[in-house]
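S.K.: Starting from these lines, generate the structure:
(chains A and B)
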Amino acid sequence: DTEVTQTPKHLVMGMTNKKSLKCEQHMGHRAMYWYKQKAKKPPELMFVYSYEKLSINESVPSRFSPECPNSSLLNLHLHALQPEDSALYLCASSRPGMNTEAFFGQGTRLTVV
Amino acid sequence: AQKVTQAQTEISVVEKEDVTLDCVYETRDTTYYLFWYKQPPSGELVFLIRRNSFDEQNEISGRYSWNFQKSTSSFNFTITASQVVDSAVYFCALSEPPTGANNLFFGTGTRLTVIP
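M.R.: Prediction:
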């Protein structure tokens, strides 16, 4: 099973809403990632969790709050987002360390209205 | 600092033609990793290949081949006998330690359209 599952696939939320994006993998990977991809742009790294601990936060605004409840799950909590936060949010997982590839989910397409 | 340049924004080829996607990278590290990912319209990024900086051996996988040349800091990707299913955006990416092999810095991508 080489699958990373993200829910929901699509999300429309208002600027005052609170919502969460979910990501799940059962490959035994101990590194998980959130990337943000704007239209016609490459993905940009947001957060990295290694062994369920946040290891990298790429200066992401606090309205994005990641959580890794266990080694299989990764959440991204959203609050008070802006329309410019509309994007495809991609989750990925990999074995920790060097020389390993990341497996990506299909993403959540988020629209903030 | 790291940088990946994919100068070709869009390429169109007719089915069965060969096509090469260019990738030039820039890094100060001697140890680094290079990747190619495919992003079809469905959105997920599909891993194609990983190369570390000490392995310059070129690789062939079916219709896909990769040419890694450290002397020119290039990691080009060739699709032979292209098919409509190859239509996608292709990203070249770079990762450097110590931040980890999958803290990927992506190039801007090349959109490949294969015309039947």
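
S.K.: Please make it C-alpha for all contacts and neighbour counts, starting now.
M.R.: OK.

S.K.: Could you report the neighbour count for residue 48?
M.R.: I went with chain A, as the question did not name one. Residues near A:V48, counting by other Cα atoms under 10 Å in any protein chain shown, number 26.

S.K.: ah, no, chain B please
M.R.: Quick note: B:L48 (other Cα under 10 Å) scores 15 neighbours.

S.K.: Now do the same for it: its pLDDT.
M.R.: B:L48 is assigned a pLDDT of 95 by the prediction.

S.K.: same check, this time on B:S42
M.R.: pLDDT, B:S42: 87.

S.K.: residues touching it, list them.
M.R.: Contact partners of B:S42, counting by Cα atoms under 8 Å, 6 or more residues apart in numbering or on different chains, are A:Q106.

S.K.: Same question for B:S82.
M.R.: B:V13, B:V14, B:E15, B:K16, B:E17, B:D18, B:V19, B:R63, B:V114.

S.K.: From these, which land in strands?
M.R.: B:V13, B:V14, B:V19, B:V114 (DSSP state E).

S.K.: Just the buried ones out of the residues you listed, please.
M.R.: The neighbour count (16 or more other Cα atoms under 10 Å in any protein chain shown) marks B:V13, B:V19, B:V114 as buried among these.

S.K.: Pick the one among those closest to chain A.
M.R.: Checking these against chain A by Cα to the nearest Cα gives B:V114 as the nearest, at 18.6 Å.

S.K.: Next one: the closest one from B:D18, what distance?
M.R.: 10 Å (Cα to Cα, to the nearest Å).

S.K.: With A:L73 instead?
M.R.: From A:L73 to B:D18 the distance is 41 Å (Cα to Cα).

S.K.: Compare these two (neighbour count), which wins?
M.R.: A:L73 (18 against 15).

S.K.: what residues does chain B put near chain A?
M.R.: B:33, B:42-47, B:50, B:52, B:91, B:97, B:100-109 (Cα under 8 Å from any Cα of the partner chain).
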